[in-house]
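K.L.:
Prediction below, plus the sequence it came from.
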Amino acid sequence: MITVGLQFPWFLPMLSPKNSLYWTSVMKTIQRSIVGLFAASLATIFVSTTDAAPYQKGDVKLQSIGPLATGPDGVLFISDPKAACIIAIKTAAKPTDNPSGNFKVEGLNAKVAAVLGASVDQVRIIDLAVDTSSQLAYLSVIRGQGANANAAVVSVRPSGKIHVLSLKNVQHAVAKLSNAPADQEIGTGRRRRNQRMESITDIAFVKGKVIVAGLSNEEFSSTLRTIPFPFEGSQKGTGVRIFHGAHGRYETSSPVRTFVSYDIAGDPYILAAYTCTPLVKIPMMELKPGSNVVGETIAELGNRNRPLDMIVYKKNGKEYLLMANSSRGVMKITMEKLGNYKGITEKVSGGGTKGLPYETVSDWTKVYQLAELDGQHALVVRGTEGDSLNLEAVRLP
Amino acid sequence: MPLRHDFAAAICPFILVLQLGCGKPTQDEAAETKGVPGEIRLAKRSAMPSQAVFEVDLPQALADGLANSGVLEPADWKKVFHIHAETAKGLDWRELPPVQGSYRLTNNRLVFESLFPLQAGVNYHAVFDLSKAKQLIGGKTADRLAEMKHSDVIEATLRLERPRAKPETIVSQVYPTANSLPENLLKFYLHFSAPMSQGKVYSHIHLLNARNEKIDLPFLELDEELWNPDGTRLTILFDPGRIKRGLLPREQDGPVLREGNPYTLKIDAPWTDANGAPLKHGFTKFFVVTAPDVEMPSPARWKITAPDAGSTNPLTLDFPEPLDHALLQRLVWVEDAGNRAVEGQVHVGDNERQWAFVPGKAWKVGDYRIMIGTSLEDLAGNNVARPFEVDRVQRPEDEFIPDYVTLDFKIGN
């Protein structure tokens, strides 16, 4: 709150209103005050602009929905692959100290379908993100098929209460993703269209930046984009081409399936699992616009396996990486030696795996989504009987 | 995946399946102010006829009482009037949370509109609880209502009829179209005649060996299925871990395709389109595998055939090998001497070994340039700037990857 008082000169009461100096003093004082008030207003506008600049209030209309991520102060990042953008929503989530370890929703997909008014076979859960501060879980969901499909974000409380997040008249900011070179429409007139679409395979908020991994439905390429947050005006994500150097010799384009950030000796890194399964590390500082980055293999996870999701956590003073996979359960990798690890530079043969040693957490089965809930628990989406899914807190191994 | 809030016109007419409770039927005009609530019914919403809403007529006293109860939150309304979707057979709808939506009270009528359009074919169980309504309003109105003799709970099971979906959608084409494909083939494009259902595509796509046995996990099963925006084209990638040299999947299982062997790509007919109808028929593509292709496409080796000025004959490019069907349409175009793109239609033929460009207007005499995006790939993912696999020993340290390369040609008389 800004107040501007009128401070008249000390001699004013001694002057008569008929004296011209009286009115000159009054007017100058008022002028100064008006200037002061104006300046104060400007300051107020400037401050509020700084605070509110990233956001505008209005309806968010999703064309599609992909992965989610959470940021500071209740910000939720929603990816919309079809619209090629990331939307930051300022949610009203409030921090809480309530224990969250008993977070459990059985039959998650049936309950989400019920709230959306659809049959369970018409609902697809795309991603899970957790706001650790408010202990709210968010799910990106697609309901229906084809032209009648709807995209939604659903929030789930530890109590099990499920609610579709309203995207009407919300504080939000949008960052468009830059297009690939020569990303033009084809043909003319009614046949004019562009069939290229980039799927968003993962997003995360890391040290003031939103990092987005994408995969094209045409060229076999991988783009990792970094977008400073708060988003600025017509901010477009700057992309780097990502390659994979197999054993220091053969290098190919390598789409990133999932990634997580991790500090090594104070420097931020991205630990990424490629679609072709190697786990690699990429220094954040190398993610500069237009550059070509080659990820260094730190672990090979073997065949018939798809990396699904990753988190990094600390337990008893040591840091670990957990990775959910399509066929090998959840892998636990000790991060202790990662700083000095030189990576795999020789061909792996004769079966088995190479690189950082890992153990499989045997009782974590059918884990499809993984997110950090608090210091002791992860929140997972896991399969049970048939196609039924549970959302539950699991003590970190 | 286009997303619209439209409700398919095909869901009409509304079918009321079952009515429970003792509510008296009412007219579709403004609610009558009889002493008892009316039946629950589905009605078209005037502002958006494609969306149906649930509504129940209320006695005057109850409607007035609710209207004068101040601002009621959706949580309050939900106690009085709740709608549950029967999400799956065998699940008790009473155990599931109610459908989320908004409430309004107009003309003595309580209306519930779901957040998303109702799904045709799903049973919705609607419950109106008079006792909860009385609790909401309290006071004398509730006392007066208490004297009325009728059931406290009115229920109805309602459904929008789902039209029988006819199997009409087909696999219209699979690219590459050639029947001889390299061992390191990277992808297939599956084209459909109408938008398809998404979410479980890999259970419908199979690769069979010479003995007609299914090959285990030949494709990269991405959760993010690679569809085009309108859902009529799906990109299927072979597992790159089994193509790249030196990686564990290839070391352990070998490449998916092996030179000299025949294979069949099979697409199942039960795969449903976006309207829920199965494909009209399945699809098979037979092919034989040739040696791996490790060469980059070289525009210098392409044959340009330029048409005469004044004609609208096509400009053609003939390649010594098939190139990627989708990328040929997007990453090759023509510019005139003023660097303006020439409008026209692209046709890809001869098993993707020919690119033909038919201009929208007759060719004029002059110098032209064919622009080629360097991301243009052959069937094995080798692009114009880089092979799929680069030997880092031979790669220059200061490698520069241009966005495009060009080929010049002239149009003369």
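P.N.:
Looks like it came in fine. Numbers count the residues shown, from 1 in each chain, chains lettered A, B, ... in the order given.
K.L.:
Now do whatever residue of the stretch 251-400 of chain B ends up closest to chain A: how many residues are near it, please.
P.N.:
Proximity of the stretch 251-400 of chain B to chain A (CB to the nearest CB) peaks at residue B:274, 2.5 Å away. To be clear about C-beta, it is placed using only N, CA and C from the backbone, and glycine gets the same treatment. Counted with other CB atoms under 10 Å in any protein chain shown, the neighbours of residue B:274 add up to 24.
K.L.:
same question, residue B:92
P.N.:
Neighbourhood size, residue B:92 [other CB under 10 Å]: 8.
K.L.:
what are the phi and psi angles of it?
P.N.:
Backbone torsions of residue B:92, given as degrees, to the nearest 10, read phi -80, psi 120.
K.L.:
From chain A, how far out is it?
P.N.:
10 Å (CB to the nearest CB, to the nearest Å).
K.L.:
for residue B:223, same thing?
P.N.:
Separation of residue B:223 from chain A (CB to the nearest CB) stands at 8 Å.
K.L.:
Would you double-check that that residue falls in a helix?
P.N.:
No. Going by DSSP: H, G, I helix; E, B strand; the rest coil, the assignment for residue B:223 is coil, not a helix.
K.L.:
need the contact list for it.
P.N.:
By CB atoms under 8 Å, 6 or more residues apart in numbering or on different chains, the residues touching residue B:223 are A:126, A:308.
K.L.:
before we move on, what about the one 3 residues further on?
P.N.:
With contacts taken as CB under 8 Å, 6+ apart, residue B:226 has the following neighbours: A:197, A:199, A:215, A:216, A:217, B:234, B:235, B:236, B:237.
K.L.:
Neighbour-wise, give me the winner out of these.
P.N.:
Tallying neighbours with other CB under 10 Å puts residue A:215 at the head of these, with 26 neighbours.
K.L.:
Which residue is the nearest non-sequential neighbour of that residue?
P.N.:
Spatially, and ignoring its direct neighbours in sequence, residue A:215 is nearest to residue A:255 (4.2 Å; CB to CB, 6 or more residues apart in numbering or on different chains).
K.L.:
Please state the offset of stretch A:71-86 from the chain centre?
P.N.:
Relative to its parent chain, stretch A:71-86 has a centroid offset of 6 Å by CA atoms, centre = their mean, to the nearest Å.
K.L.:
So for it, mean pLDDT?
P.N.:
The average pLDDT for stretch A:71-86 rounds to 94.
K.L.:
Tell me if it is near chain B.
P.N.:
Yes. Counting by CB under 8 Å from any CB of the partner chain, chain B has neighbours in stretch A:71-86: A:81, A:82.
K.L.:
okay, now the nearest residue to the residue of the stretch 251-400 of chain B closest to chain A once chain neighbours are set aside: neighbour count?
P.N.:
Spatial nearest neighbour of residue B:274, chain neighbours left out: residue A:146 (2.5 Å); criterion: CB to CB, 6+ apart. Residues within reach of residue A:146, counting by other CB under 10 Å, total 22.
K.L.:
Kindly report the same for residue B:163.
P.N.:
Residue B:163 has 15 nearby residues by other CB under 10 Å.
K.L.:
just residue B:347 next, same as before
P.N.:
When neighbours are counted by other CB under 10 Å, residue B:347 registers 14.
K.L.:
How about the secondary structure of it?
P.N.:
The three-state label given to residue B:347 by three-state DSSP is strand.
K.L.:
Verify the stated contact: it with residue B:329.
P.N.:
No. If you go by CB atoms under 8 Å, residue B:347 and residue B:329 don't touch, sitting 9.1 Å apart.
K.L.:
quick one: the residue of the stretch 1-150 of chain A found nearest chain B from residue B:279, how far?
P.N.:
Residue of the stretch 1-150 of chain A nearest chain B, by CB to the nearest CB: residue A:146 (2.5 Å). Here the distance between residue A:146 and residue B:279 works out to 14 Å (CB to CB, to the nearest Å).
K.L.:
again, but for residue B:258
P.N.:
30 Å.
K.L.:
Residue A:60 now?
P.N.:
35 Å.
K.L.:
Which one's more surrounded, those two?
P.N.:
Taking other CB under 10 Å, residue A:60 and residue B:279 do not tie; residue B:279 has more neighbours (23 against 17).
K.L.:
contacting residues around the nearest residue to that one once chain neighbours are set aside?
P.N.:
Closest residue to residue B:279 apart from its sequence neighbours, by CB to CB, 6+ apart: residue B:269 at 4.8 Å. The neighbourhood of residue B:269, defined by CB under 8 Å, 6+ apart, consists of B:167, B:278, B:279, B:280, B:281, B:282.
K.L.:
make it 7 Å
P.N.:
Going by CB atoms under 7 Å, 6 or more residues apart in numbering or on different chains, residue B:269 touches B:278, B:279, B:281, B:282.
K.L.:
Hmm, residue B:354 is touching residue B:320, no?
P.N.:
No. Judged on CB atoms under 7 Å, residue B:354 makes no contact with residue B:320 at a distance of 11.2 Å.
K.L.:
between the two, who's got more neighbours?
P.N.:
Higher neighbour count among residue B:354 and residue B:320: residue B:354, with 20 against 11, using other CB under 10 Å.
K.L.:
Now do that one against residue B:348, distance only.
P.N.:
7 Å.
K.L.:
mind checking pLDDT for the residue nearest to residue B:279?
P.N.:
pLDDT for residue B:269: 97.
K.L.:
can you check the one 3 residues further on too?
P.N.:
Model confidence at residue B:272, given as pLDDT, is 95.
K.L.:
For burial, what's the neighbour tally of it?
P.N.:
18.
K.L.:
Which residues are in contact with it?
P.N.:
Neighbour list for residue B:272: B:197, B:278 [criterion: CB under 7 Å, 6+ apart].
K.L.:
Dig out what it forms beta bridges with.
P.N.:
Following DSSP bridges, residue B:272 is listed with bridge partners residue B:278.
K.L.:
Over to residue B:299: give its phi and psi.
P.N.:
Backbone torsions for residue B:299, taken as degrees, to the nearest 10, come to phi -60, psi -30.
K.L.:
so it sits right up against residue B:409, yeah?
P.N.:
No. Contact criterion CB under 7 Å: residue B:299 and residue B:409 do not qualify, at 12.0 Å.
K.L.:
Which of these two has more residues huddled nearby?
P.N.:
residue B:299 (18 against 14).
K.L.:
check contacts around that one.
P.N.:
By CB under 7 Å, 6+ apart, the residues touching residue B:299 are B:372, B:384, B:405, B:407.
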